[in-house]
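Chemist: Quick one: sequence plus predicted model below, questions after.
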Amino acid sequence: EKANMAIVFDQYKDRLATLPKKKGWISENIYMYQGFWHHSGRRTSVETVMALQDTFIARPTDIYLITPPKSGTTWLKALVFALVNRNHYQNHNLSTHPLLISNPHKCVPHIESELYRTTPTYVDPHSTRLFGTHISYTSLPQSILDNKCRFVYLFRNPKDVLVSLFHYANKLRDQSRDQMTFEEAFDMFSKGITPNGPYWDHVKGYHKFSLEHPKNVLFLKYEDMMIDTMKNVKRIAKFLGCPFTEEEEVKNVVQEIVRLCSFESLSVVSKHGNLKDGIPNNVFFREGKVGDWKNHLTDEMSRVLDEITKDKFHGLNISF
Ligand code: A3P
């Protein structure tokens with residue numbers, strides 16, 4: 001896989017050199033490509049986006065779980081994996097469920113990582129493929145749009161996204177670099193300079209797409225999912241064409257899935273070990289709460305972000 005990555009990075013190095021760049025959150029720089037910022041030289045990077053645009057082939061039955069980073073990707077991957085595969089692991093089989101032994105990112109790959117795999121995750125040409133991605137609407141590989149695939153989009157209060165990203169970036173930051181201060185993180189976030197950001201443009205792109213293609217896109221908010229997870233899991237199941245039967249509801253299958261994918265359950269499974277690219281499994285689990293921004297943002301910072309959000313989401317019927 002390392003060799004595959006080296007080939008891709010080399011192939012796009014001339015294009016990379018022409019892109020605007022800024023200081024990065026984790027690696028040294030981030031680069032502006034098609035209106036969004038990206039890392040370089042890693043699995044999730046601008047070179048990867050370019051290569052996926054050139055080579056990725058979607059199938060009409062594919063399901064894409066799309067999020068701005070730190071909006072609940074790991075949780076969504078677990079929930080959708082559990083509900084789509086529920087007939088394999090129910091009842092007596094639940095003790096062998098993959099989510100009881102593996103990080104959800106291992107169960108549902110990002111298309112960004114799939115690019116470099118020597119053997120693809122999905123070998124059966126008839127199986128429904130589940131993929132995650134952070135790629136913005138404007139940069140999605142054309143094949144995904146042409147095949148009219150289904151998307152579940154999950155977003156979150158930008159103030160909590162900022163806090164989550166701040167902690168995440170400091171944990172993964174190149175060792176040669178000092179830790180970021182929260183002021184620095186706030187400054188970059190509010191200017192839109194975040195991996196796969198500007199955050200607001202990411203949400204707006206998919207929001208517009210969801211209005212144009214309501215049958216293809218389910219638009220979900222982390223805060224709503226937290227208030228009533230069961231209701232939203234049922235919505236996802238219906239949207240994906242595998243609604244829960246009455247019998248399943250009576251047997252508490254929905255509750256079982258929600259419990260299996262709870263912060264408590266997933267974080268215990270991911271206490272140790274790393275993903276393939278060396279990222280520790282536990283870095284995806286911090287607080288898992290709504291409103292932790294209140295412990296980090298000053299009143300002034302909160303006011304500034306509210307103002308940007310109001311302005312950017314004007315007329316969109318999105319509130320937090
Ligand atoms: P916090 O840093 O605010 O705790 P992503 O998966 O997109 O990287 O997002 C990570 C955020 O989702 C983290 O937020 C993490 O704690 C939270 N999270 C992870 N698993 C969760 C779960 N099962 N339920 C709710 N939130 C979860």
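Modeler: Sure thing, it's come through.
Chemist: Which residue ranges of this structure form strands?
Modeler: 21-23, 29-33, 36-38, 63-66, 130-133, 150-155, 217-221 (DSSP state E).
Chemist: Which of those sits closest to Thr309?
Modeler: Nearest to Thr309, of all the strands of the chain, is strand 150-155, at 11.4 Å by C-beta to C-beta. Every C-beta, even on glycine, is put in place using the N, C-alpha and C of the backbone.
Chemist: Quickly check: the closest one near the ligand or not.
Modeler: No: using C-beta under 6 Å from any ligand atom, strand 150-155 stays clear of the ligand, coming no nearer than 8.1 Å.
Chemist: Give me the helices and strands touching that strand, please.
Modeler: strand 63-66, helix 73-84, helix 199-212, strand 217-221, helix 222-227, helix 229-239 (3 or more C-beta pairs under 8 Å, 6 or more residues apart in numbering; DSSP states H and E).
Chemist: Contact residues of the chain facing the ligand?
Modeler: Contacts of the chain with the ligand, taken as C-beta under 6 Å from any ligand atom, map to 67, 69-75, 160, 164, 167, 261-263, 266, 284-288, 292.
Chemist: how about a cut-off of 5 Å?
Modeler: 70-75, 164, 263, 266, 284-288 (C-beta under 5 Å from any ligand atom).
Chemist: Pull out the buried residues from the lowest-mean-pLDDT helix or strand in the chain.
Modeler: One helix or strand of the chain scores below all others by mean pLDDT, DSSP states H and E: helix 86-89, with a mean of 86. In terms of neighbour count (16 or more other C-beta atoms under 10 Å), helix 86-89 has its buried residues at 86, 89.
Chemist: Could you list the residues in contact with it?
Modeler: Residues outside helix 86-89 that contact it (C-beta atoms under 8 Å, 6 or more residues apart in numbering) are 82, 96-98, 248, 253, 257.
Chemist: run the last query once more with 10 Å
Modeler: Helix 86-89 has contacts (C-beta atoms under 10 Å, 6 or more residues apart in numbering) with 82, 93-100, 237, 242, 244, 248, 253-254, 256-257, 260.
Chemist: Could you do stretch 165-172 as well?
Modeler: 24-27, 68-71, 158, 177-182, 184-186, 188-189, 194-195, 197, 199, 278-280, 282-284, 286-287, 292, 296.
Chemist: and these, which of them are in helices?
Modeler: 158, 182, 184-186, 188-189, 199 (DSSP state H).
Chemist: shaky segments in the stretch 51-200 of the chain?
Modeler: Within the stretch 51-200 of the chain, the segments meeting pLDDT under 70 span 90-94.
Chemist: okay, now the nearest residue to Val254 once chain neighbours are set aside: neighbour count?
Modeler: Nearest residue to Val254, sequence neighbours excluded (C-beta to C-beta, 6 or more residues apart in numbering): Met230, at 5.2 Å. Counted by other C-beta atoms under 10 Å, the residues lying close to Met230 total 13.
Chemist: List the contacts of Met230.
Modeler: 244, 249, 254-255, 257-258.
Chemist: Check it and give its pLDDT.
Modeler: The model reports Met230 with a pLDDT of 98.
Chemist: for Glu1, same thing?
Modeler: Value listed for Glu1 in the pLDDT field: 86.
Chemist: Now it: closest residue in space that isn't a chain neighbour?
Modeler: Counting by C-beta to C-beta, 6+ apart, Tyr116 is the residue found nearest to Glu1 once chain neighbours are left out, at 4.7 Å.
Chemist: Then Val46?
Modeler: His38 (3.8 Å).
Chemist: Also Asp160?
Modeler: Nearest to Asp160 is Trp293, by C-beta to C-beta, 6+ apart, at 5.2 Å.
Chemist: neighbours around the one you found, how many?
Modeler: Count around Trp293 with other C-beta under 10 Å applied: 19.
Chemist: List the residues that contact it.
Modeler: 157-164, 301-302, 305, 320.
Chemist: before we move on, the earlier item: select only the buried ones of the residues of the chain next to the ligand in PyMOL?
Modeler: To isolate in PyMOL the members of the residues of the chain next to the ligand that are buried, counting by 16+ other C-beta under 10 Å, one can use:
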select buried, resi 70+71+72+73+74+75+164+266+284+285+286+288
